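# when you get a sec, could you give me coordinates for this:
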Amino acid sequence: MNPTFLQWFDRDEQKSNVWRMALLLVLIGRVAGAQDAAPAAAPTPANPPTPLVTIQADQATARVSPILYGLMTEEINYSYDGGLYGELVNNRSFRPETNNMRHWQLVQPEGAANSMSVVSDQPLNDAQTNSLKLEVAAATESQPVGIANDGFWGIPVRPHTEYHASFYAKAAGGFTGPVTVSLVRDGANAAVFAAAQVSSITADWKKYALTLTTGEAGPSKDNHLLVSVAKPGTIYFTFVSLFPPTFNNRPNGNRPDLMQLLADMKPSFLRFPGGNYLEGRTFANRFNWKNTIHDISRRPGHLNDGWGYWSTDGMGLLEFLEWCEDLHMQPVLAIYAGYSMASGGIEPGPDLDPYVQDGLDEIEYVTGGPDSTWGGQRIADGHPASFALNYVEIGNEDNLGTGPRTYDGRFTQFFKAIKAKYPRLQVIATSPRVTNSVPDLIDEHLYPNTELDMESRAHNFDSRPRTGQKVFVGEWATRVGRPTPTMAAALGDAAWMTGMERNSDLVIISSYAPLLVNVSDLNRGGSMQWPSDLIGYDALGSYGSPSYYAQKIFSNNHGDQILPTTTQDFPTRPYQAAGRRGGGNPPPPRQVPTLFVDATRDSQTKAIYLKVVNSLGAPQEVHFQISGLSGIEPSAKSTVLSAENLDDTNTIDAPKKVVPVATTVTGVGKSFTRAFPPYSITVLQLQGT
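Next comes the predicted model:
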């Protein structure tokens with residue numbers, strides 16, 4: 001086609017539709033005629049040149065950021081309640097919602113006249129204002145009456161396992177006990193897996209704790225917790241709780257399987273409490289950290305209105321910090337910045353001062369000693385040692401909601417106050433539109449909807465100036481796959497990670513999001529608010545997605561030096577980006593590589609970590625030339641994540657369909673050629689001499 005003619009046609013916005021159609025018909029005729037008359041196009045060379053990668057192993061361009069790979073978390077997709085947080089009882093405090101008996105059922109003989117109701121005239125404390133009133137007219141040992149909780153899409157039962165149950169109760173109407181707590185199988189084949197009993201109940205509120213130990217039965221998830229009585233009377237319950245074994249045996253702790261998946265990634269930091277969960281849609285439902293400390297029975301919880309369900313705040317500020325402690329991560333603390341999504345931002349100045357002080361108090365809770373007010377409170381909450389804190393983020397995506405754009409002024413007010421009291425802290429801005437102060441880092445978020453879109457950005461940082469702020473890619477993901485990513489997404493992610501790792505003198509910190517998703521009951525509207533999520537789970541099992549394994553092999557395999565790497569004759573394919581928001585012509589097509597590489601070196605061991613991403617559905621050969629070392633051992637460790645199809649993925653029923661395979665390979669050296677499998681992510685660990 002004649003490009004000049006096409007450009008003229010595109011510019012002439014005043015032509016009528018009829019005239020446009022006529023021009024198109026003429027153009028089509030010209031092209032068809034030209035094709036008939038033109039000689040055959042030159043054939044593609046039968047043997048295109050082999051892509052070449054040259055690596056200078058003795059000339060590091062910069063140091064790999066030691067905190068490049070970490071975790072970002074927020075309460076979304078039932079990530080905490082019903083997910084990482086170990087609590088198995090759903091609605092343990094009969095929360096003040098429209099249906100505050102949700103997930104609870106009255107269990108009684110057919111035709112009996114017993115009742116349960118939620119009341120507010122028997123509060124446990126200022127935080128737990130509701131209780132469940134069980135009125136029992138008749139009950140016996142053979143026909144008990146009780147309340148049953150169905151958990152978060154089931155309560156998991158495993159064989160030979162101890163469960164820790166507790167509840168607060170007070171008796172009335174002549175009732176004195178006992179109360180039995182049981183783990184029971186659902187359905188027609190109901191069976192009791194474990195039971196324990198409290199012998200007597202007082203007339204005043206008191207906490208009762210029991211241990212339930214299962215036998216041979218299980219594992220299963222179609223079970224419920226039953227709290228029952230065998231005598232008539234009235235009894236009030238609140239804060240009914242059940243914990244399985246937790247990671248590191250922490251009271252009020254986390255699920256071991258999910259924690260182990262996270263630990264295996266070797267993350268360097270945890271950004272918390274996360275995005276929209278931090279700010280809330282409304283001011284009243286922000287993450288108010290002072291309501292998430294103290295004993296869990298004194299935490300009121302709040303509506304997670306960013307994602308539409310209740311948060312118990314059992315995962316509070318201290319639990320986030322202990323999560324960091326358990327996985328040897330440093331905290332990246334996000335502070336509420338006076339902005340909620342539907343309410344807009346508070347004007348900088350005196351109105352913002354209380355929230356700035358609240359942020360300073362929060363930092364003191366994390367880092368303060370026994371002589372400080374909030375450090376003393378942390379000690380009273382059970383953690384004598386302070387936590388090391390290097391990074392504080394002010395808000396989250398503060399310029400994306402409604403209301404006036406006040407972030408520049410709000411950030412500056414926080415920035416000055418924090419630097420005055422904690423000058424060594426690195427302060428992160430969530431928007432680049434900050435002109436009244438100079439943030440230490442800028443948080444950039446990226447969520448492409450195709451793997452090609454993500455791959456097209458893999459070289460974004462290569463030519464960015466190094467004179468400005470450092471970059472924190474605080475949220476990013478290739479959004480292909482529901483509820484968790486496919487192999488296509490993993491390829492896009494890996495291509496993007498080669499760019500971040502290659503430029504980790506600029507991109508010093510990064511985290512994928514969202515991290516977790518409860519995949520239970522998704523076919524009926526279930527538990528997911530946002531795909532694609534790194535790790536999936538139900539009540540009983542869990543799995544890592546292909547993107548999880550891409551993250552894992554990148555985080556587990558890198559050196560401390562970035563090596564100069566040049567490429568030659570890399571094949572490409574065209575990529576057409578979508579049009580701009582609000583209309584307008586799409587940008588011109590771009591040529592995107594089908595191979596992505598980066599190389600790092602361990603300065604102590606001389607190991608070279610060579611990462612290669614092949615995004616095509618066919619093998620691709622690459623020739624490597626490595627200079628600057630006296631030699632390279634002829635064998636190397638190879639870790640390969642690959643799949644037959646782009647849509648291949650892992651699920652709760654097939655958790656290991658796409659996983660890395662580690663082998664020892666030969667034929668490597670200072671100059672070698674290697675074929676990389678279709679749809680693959682490869683790490684070669686070469687040993688220099």
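# which strand residues bridge residue 590?
Beta bridges link residue 590 to residue 575, judged by DSSP bridges.
# residues in contact with it?
The contact partners of residue 590, taken as C-beta atoms under 8 Å, 6 or more residues apart in numbering, are 456, 574-577. Yep, even glycine has a C-beta here, placed from its N, CA and C like the rest.
# quick check, nearest of those residues to residue 535?
Comparing the contacts of residue 590 against residue 535 with C-beta to C-beta places residue 456 closest, at 26.6 Å.
# right, and the closest one touches residue 576 too?
No - applying C-beta atoms under 8 Å as the test, residue 456 and residue 576 come out as separate, 9.9 Å apart.
# state the pLDDT value of the residue nearest the centre of the chain.
Nearest to the geometric centre of the chain sits residue 515, at 1.6 Å (C-alpha atoms, centre = their mean). pLDDT for residue 515: 98.
# what's the burial count for the nearest residue in space to residue 159 that is not next to it in sequence?
Distances taken as C-beta to C-beta, 6 or more residues apart in numbering place residue 218 nearest to residue 159, at 4.7 Å, with adjacent residues excluded. Residues lying near residue 218 (other C-beta atoms under 10 Å) number 19.
# what of residue 54?
Neighbours around residue 54, by other C-beta under 10 Å: 15.
# in which helix or strand would I find it?
In this assignment (DSSP states H and E), residue 54 forms part of strand 52-56.
# which other residues reach the host helix or strand of residue 681?
Secondary structure from DSSP H and E places residue 681 in strand 680-687. Strand 680-687 has contacts (C-beta under 8 Å, 6+ apart) with 490-491, 494, 550, 553-554, 557, 605-614, 626, 632-633, 636-642, 665, 668, 674, 676.
# tilt between that strand and strand 52-56?
Calculated by axes from the mean of the first three to the mean of the last three C-alpha atoms, to 10 degrees, strand 680-687 forms an angle of 40 degrees with strand 52-56.
# now strand 680-687: how far from the chain's centre is it?
Centre-to-centre, strand 680-687 and its host chain are 26 Å apart (C-alpha atoms, centre = their mean, to the nearest Å).
# now swap in stretch 134-154 and tell me
Offset of stretch 134-154 from its chain centre (C-alpha atoms, centre = their mean): 37 Å.
# cool, stretch 424-434 as well?
For stretch 424-434, the distance to the chain centre is 21 Å (C-alpha atoms, centre = their mean).
# export that stretch as PDB, just CAs?
Only the C-alpha atoms of stretch 424-434 are listed here, as PDB (Å, rounded to 0.1, in the frame of the first residue of the first chain):
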ATOM      1  CA  ARG A 424      17.300   7.800  57.600                       C
ATOM      2  CA  LEU A 425      13.900   6.400  56.500                       C
ATOM      3  CA  GLN A 426      13.300   6.100  52.700                       C
ATOM      4  CA  VAL A 427      10.000   7.700  51.900                       C
ATOM      5  CA  ILE A 428       8.000   6.400  48.900                       C
ATOM      6  CA  ALA A 429       5.500   8.400  46.900                       C
ATOM      7  CA  THR A 430       2.600   6.700  45.100                       C
ATOM      8  CA  SER A 431       2.400   9.300  42.400                       C
ATOM      9  CA  PRO A 432       5.000  10.900  40.200                       C
ATOM     10  CA  ARG A 433       3.100  14.200  40.400                       C
ATOM     11  CA  VAL A 434       5.100  15.400  43.500                       C
END
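# so where's the stretch 451-600 of the chain shaky on pLDDT?
523-526, 579-584 (pLDDT under 70).
# show me where it has its strands.
Counting by DSSP state E, counting those that start in this stretch, the stretch 451-600 of the chain has strands at residues 470-476, 507-512, 516-518, 535-537, 542-544, 561-562, 565-568, 572-575, 590-593, 595-601.
# save the ones you listed as a markdown table, and put in distance to residue 179 too.
Output for the strands of the stretch 451-600 of the chain, formatted as a markdown table (distance: least, C-beta to C-beta, whole Å):
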| stretch | distance to residue 179 |
| --- | --- |
| strand 470-476 | 46 |
| strand 507-512 | 45 |
| strand 516-518 | 30 |
| strand 535-537 | 32 |
| strand 542-544 | 33 |
| strand 561-562 | 63 |
| strand 565-568 | 67 |
| strand 572-575 | 64 |
| strand 590-593 | 65 |
| strand 595-601 | 60 |
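# got any ranges where the protein has weak pLDDT?
In the chain, residues with pLDDT under 70: 1-46, 97-99, 400-404, 523-526, 579-584.
# so what are the domain limits for it?
The chain breaks down into these domains under automatic domain parsing: 3-37, 52-64+564-578+588-687, 104-245, 268-430.
# to residue 463, which of the ones you listed lies closest?
Residue 463 lies closest, by C-beta to C-beta, to one member of the domains of the chain: domain 52-64+564-578+588-687, at 13.4 Å.
# now that closest one: how far from the chain's centre is it?
A distance of 26 Å separates the centroid of the chain from that of domain 52-64+564-578+588-687, by C-alpha atoms, centre = their mean.
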